[in-house]
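>>> need coordinates for the following:
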Amino acid sequence: MHAFSRHRGKLLRALLGASLGLLASACATGKLKEPMPSTLVPAPEAAPSHPLVIVLPGRYDSLRDLQTKGIAQAIQKSWPVADVLLVGATPPYYMDGGLVRRLRDQVIEPARRKGYRDIWLSGASQGGMGSLFYERTYPG
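Numbers count the residues shown, from 1 in each chain. The predicted model follows:
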């Protein structure tokens, strides 16, 4: 048996670990836009008060992806009185530990000041995790 064959597993794990470390480092040092970028998609139907659905992107998605993939339109097809706010909470916002605070200060509280009372926080994959982080810190 060749020496490489015996150590192949260790080498592959080391390379994978180093690659993930570099990726995490790159995400952590990415420039954070302040405030977090967002796009409001107003409800297609009139209502006395609109609920607000906030959508956080998945791990490999961006605000642009949320805009072009029809997420807001899919929500509004089932709930036509809902305003949808797409938020560009990409990995660097998670990596620096400030996601929940930013969501509260830059998204949720301004929405409440604008009169939204029924606010839904959602997301798939990493966005779902961000929603759970927020709910754990600020229940309800």
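
>>> so who does the residue nearest to the spatial centre of the chain touch?
In the chain, the C-alpha closest to the average C-alpha coordinate belongs to L56, at a distance of 3.1 Å (CA atoms, centre = their mean). Each residue near L56 by CB atoms under 8 Å, 6 or more residues apart in numbering is listed here: 87, 89, 121-123, 126-128, 130-131. Quick note: C-beta positions are derived from backbone N, CA and C, even for glycine.

>>> so where's this structure shaky on pLDDT?
Residues of the chain that meet the criterion pLDDT under 70 lie in 1-30.

>>> 50 instead, please
Across the chain, the stretches falling below the confidence threshold (pLDDT under 50) are 1, 4, 11-12, 14-29.

>>> now the strands for this structure?
38-41, 52-56, 83-87, 119-123 (DSSP state E).

>>> export those to JSON lines and tack on distance to R104?
Listed next are the strands of the chain as JSON lines, based on distance: least, CB to CB, whole Å:
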{"stretch": "strand 38-41", "distance to R104": "14"}
{"stretch": "strand 52-56", "distance to R104": "12"}
{"stretch": "strand 83-87", "distance to R104": "12"}
{"stretch": "strand 119-123", "distance to R104": "11"}
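
>>> from those strands, which stretch is densest packed?
Mean neighbour count (mean count of other CB atoms under 10 Å) peaks for strand 52-56 among those, with a mean of 25.

>>> mind saving the C-alpha coords of that strand as PDB?
As requested, the backbone C-alpha atoms of strand 52-56 are provided in PDB (Å, rounded to 0.1, in the frame of the first residue of the first chain):
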ATOM      1  CA  LEU A  52     -45.500  42.600   6.700                       C
ATOM      2  CA  VAL A  53     -43.700  39.400   5.700                       C
ATOM      3  CA  ILE A  54     -39.900  39.900   6.100                       C
ATOM      4  CA  VAL A  55     -37.900  37.400   4.000                       C
ATOM      5  CA  LEU A  56     -34.200  36.600   4.800                       C
END
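
>>> so what strands line up beside it?
Each strand pairing with strand 52-56, determined using DSSP bridges, is listed with its direction: strand 83-87 (parallel), strand 119-123 (parallel).

>>> among the ones you listed, which is nearest Y94?
Minimum separation from Y94 across the strands paired with strand 52-56 (CB to CB) falls at strand 119-123, 11.5 Å.
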